[in-house]
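Colleague: quick one: sequence and predicted model below, then my questions.
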Amino acid sequence: MSETIRFRLNGRPVALDVDGGRTLLWVLRTDLGLTGTKYGCGEGHCGACTVLVDGEAVRSCRVAVRDVAEQDVVTIEGLARGAALHPLQEAFMAHDALQCGYCTPGMILTAYAFLKKNPRPTADAIAAALEDNLCRCGAHTRIVEAVQAAAAKMAGGN
Amino acid sequence: MGDSRDFQDYEELHGRDDTNASPIAPLNRREFLKASGGILVTVALWDEALFGQEAPGRPARPSLPTDFNAFLRIGADGRVACFTGKVELGQGPVTSLAQEIADELDVALDTVDMVMGDTDLCPWDAGTFGSLTTRFFGPPLRAAGAEARRVLLELAAERLGAPVGELVTADGFVCVAAEPSRRVAYAELAKGQRIERHVAGVPIKQPSEFKLMGKPFTRRDARSKVTGQAIYAGDVRLAGMLHAKILRPPVHGARFLEADLSAARAVPGVQVIQDGDLIAVLHPLPDVAEAALAKVTTRFDTPAAAVDTDSIFDHLLKVAPEGRPVAEGGDLVAGSAASAAIVAATYTNDYVAHAPMEPHAAVAHVAGDRVTVWASTQTPFPARTEVSRTLGLPEANVRIRPVFVGGGFGGKTRNGQIVEAARLSRLSGRPVQVAWSRSEEFFYDSFRPAAVVTVRGGVTGEGRLSLWDYRVYFAGERGAAHFYDIPHHRTLAHNPSWTAPSGVHPFATGAWRAPGNNTNSYARECHIQLLAAQAGVDPVEFRLRNLKDPRMIRTLKAAAEKFGWQPANPPSGRGLGVACGVDAGTYVATIAAAAVDTATGRIRVKRVVCAQDMGLLINPAGAVIQMEGCIMMGLGYALTEGLRFAGGDVRDRNFDTYEIPRFSWLPKIETVILDLPDDPAQGGGEPAIIVMGAVVANAVHDVTGTMVYRLPMTPARVLQALKRDGFGMR
């Protein structure tokens, strides 16, 4: 049934009249046109649809849009500040930490939430944090390197 | 500078910019190109005046054009559009092909915009597979660039009043060498027009002249991919577009009996389409369409399962056709007589899914007798043919347009979703998106086939290979021929392809990254390990003793040196495996270190060193990344990836039960590429994956003395093999 759901999306208030039981993934991708959040498996196994909800990495295919009411949602489109990319985005570029790029938004947002809690992680800790994000191209080595480089930059620079 | 333009493209493909040129405009509008950092997105359509003989309306040609204008155009703004029928799947041609054209032309890399896989704009291409891009598209692309540069020099000579011999080119300008201020820009000479002058026989650059080729560059599409702006097929949004969810049979081979569509029809806004075998529920929101489809009740006649995950191999041997010789020499009887010991074994592997992170997706818009398609495909030109045949329209009326593809690995050479979208767009009168669910992606995959290899190999008392009697069933013959020095040998392929006649496999099979070669290299190199063990010779030394091919010898030596190989007879207890192979013209040698938990059967691969002899490198960074990707992906089919099924019932439908490699599997990966800039470029996207089954199996054998004869080497199968060999009983 249609209801009005309000939340903050990439820093801006959003009010939507939607069936609140629909998943955040499809509301983002269709109603809101933010297609950087990818469908990969629909069951929470792959992490391609990861977004931030109040700073936590969440699988948007497993979340009803009514459950993010009054919360702060960040998608990959909301990570840069204008033309200035987030250090994670820059590090993924500099380290070639992607191939097809389909898992990349979910990787970056999962890493973002992880680094907030663990600002100076080891490579093993990064790998453990990304364990349930799947990459078929095999960019794993470089993803770990990129997250570590971004962590160093964030700790040193900001 | 790419940012604002990227964003325009993004807006435009999302159909929000209604005032601007629509991507679904009729086909006679003037075409113009929008530059972005990576792939050039074309926003309007064909201009016959500009492209002349390359215009649609002629039949697809089975070979590349000879006119360099088909490959490139230099705009009045100085940007260079480079046209290729190849697509960007993640393997990196968006960078490497740009390096090639920029270097031959003498323009800056960041002035090149790749136009990839657009069937109206790009030269015909069979598809992006087989590690063919660098090997076979690269040379003609470079020749086109070289000829264009030479023609620009001649045009500049006339403009500047100086002979060609006194001119030099750099950064998109021609200038008088002795007087650099006398110069003219390519942009001014070409002005975005097709260049009518031609010069035959212009040589391409020698490696010593390279400025961009052979140097490492990061991905040119990375910015759009880390910001979520990269458009994949499922991201295309057109005004009035409907999402279609299609009724699927429960199992392959099921016969449709009836369906009750009334509950789905009752969902507000839903359109239900039934056209023969195609029943679809359409809605502007994909999740609403999916929920409505779930309300459809059906009856199917489901056949009994004839084969399953474990009985498939006996079935394959039963239905196998006669073997076809792939290679032979000497005499097998004499080989047996010459052997001090003969080892026979049978190797098998399960069906393996492609499982790209992006499932198949397509948007089709049929408008009158014109069709435009955006699709995740490795084969845009064959897709155009399929759409044209399905809808009964000339190929010239069908345009497949470029989008990023979220991984292919051979699986996106089949275009079922495109045909479905085209049919449904015509039937509904609306643009239609068909985006397969993960379950559909597994169900309709064209799996790497389950396969069997039998080998009988002999070795002399001096540790020389004396006999090789090899039969491969249903994997395909790629990689079947061995490269060792064996006097008496025969290799037979029973069904030489990875596809097979009906009645063999319960569902579709097809090309899977280095098709055939993963199975063949597994069987061959495991058997070499067993023969080395039989002979009591170190596995690197055993191979070197039985090789004559200098490329394989130097590749194996490079791997051994990088690894720090210390000779020991197998099984040495160290857990070190060796495997070699040849694919797509590239020689590979890999050494791995692994541990086996003999209580659980779990294998942990700790270190992988891979060496390749692959000739000229265009982008060394890209080549290394492909090797790393092959190694990581290859661990999947080595350790966990085997499809579970019963007849046409595909049991693994998602990543909870079908386990692909994860971060915790990541070994230490080291790569070596031999420096061979004067050798022709060879394939890079596939070769390193072919040895992964063997190198892990051989490491397991080295530490336990037990060979695992079936891939994947799941913990249960490892335990079973250990038990078979009495491990722990000794």
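Modeller: Sure thing, it's come through. Please read all numbers here as calculations on a predicted model, not as lab measurements.
Colleague: for chain A, what are the nearby residues on the stretch 101-250 of chain B?
Modeller: Within the stretch 101-250 of chain B, the residues that sit near chain A (CB under 8 Å from any CB of the partner chain) are B:218-219, B:221-232, B:234-235, B:237, B:243. From N, CA and C alone the C-beta is placed, and that goes for glycine too.
Colleague: domains for chain A, by residue range?
Modeller: Domain assignment of chain A by automatic domain parsing yields the ranges A:2-78, A:87-157.
Colleague: check the burial of B:Arg135 by counting its neighbours.
Modeller: With neighbours defined by other CB atoms under 10 Å in any protein chain shown, the count for B:Arg135 comes to 20.
Colleague: looks to me like it is in a helix.
Modeller: Yes. Judged by DSSP: H, G, I helix; E, B strand; the rest coil, B:Arg135 forms part of a helix.
Colleague: quick one: residues contacting it.
Modeller: B:584-585, B:680-683 (CB atoms under 8 Å, 6 or more residues apart in numbering or on different chains).
Colleague: now do B:Gly416
Modeller: Taking CB under 8 Å, 6+ apart, one finds B:360, B:444 in contact with B:Gly416.
Colleague: swap the cut-off to 10 Å and go again
Modeller: By CB atoms under 10 Å, 6 or more residues apart in numbering or on different chains, the contact set of B:Gly416 is B:246, B:360, B:362, B:386, B:434, B:436, B:440, B:444, B:446, B:508.
Colleague: make TSV out of the domains of chain A and add distance to B:Pro321.
Modeller: TSV is the format used below for the domains of chain A (distance: least, CB to CB, whole Å):
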stretch	distance to B:Pro321
domain A:2-78	38
domain A:87-157	33
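Colleague: with respect to burial, which of those domains scores highest?
Modeller: domain A:87-157 (a mean of 22; mean count of other CB atoms under 10 Å in any protein chain shown).
Colleague: buried subset of the residues of the stretch 101-250 of chain B next to chain A?
Modeller: Buried members of those, scored by 16 or more other CB atoms under 10 Å in any protein chain shown, are B:219, B:221-232, B:234-235, B:237, B:243.
Colleague: in strands only, show me those.
Modeller: Under the assignment DSSP state E, these contribute B:His243 to strands.
Colleague: now for the longest helix along chain A, which elements pack on it?
Modeller: Across chain A, the longest stretch assigned as helix under DSSP state H is helix A:140-157. Applying 3 or more CB pairs under 10 Å, 6 or more residues apart in numbering or on different chains; DSSP states H and E, we find helix A:140-157 packed against helix A:87-94, helix A:104-117, helix A:123-129, helix B:620-639, strand B:668-673.
Colleague: hmm, the third one touching chain B?
Modeller: Yes. Applying CB under 10 Å from any CB of the partner chain, one finds helix A:123-129 in contact with chain B at A:123-124, A:126-129.
Colleague: I'd like the average pLDDT over that helix.
Modeller: Averaged over helix A:123-129, pLDDT sits at 98.
Colleague: alpha carbons of that helix, as CSV, please.
Modeller: Extracted C-alpha coordinates of helix A:123-129, given in CSV (Å, rounded to 0.1, in the frame of the first residue of the first chain):
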residue,chain,number,x,y,z
ALA,A,123,45.2,-6.3,4.8
ASP,A,124,43.8,-9.3,6.4
ALA,A,125,41.2,-7.2,8.2
ILE,A,126,40.2,-5.6,4.9
ALA,A,127,39.8,-8.9,3.3
ALA,A,128,37.7,-10.1,6.1
ALA,A,129,35.5,-7.0,5.9
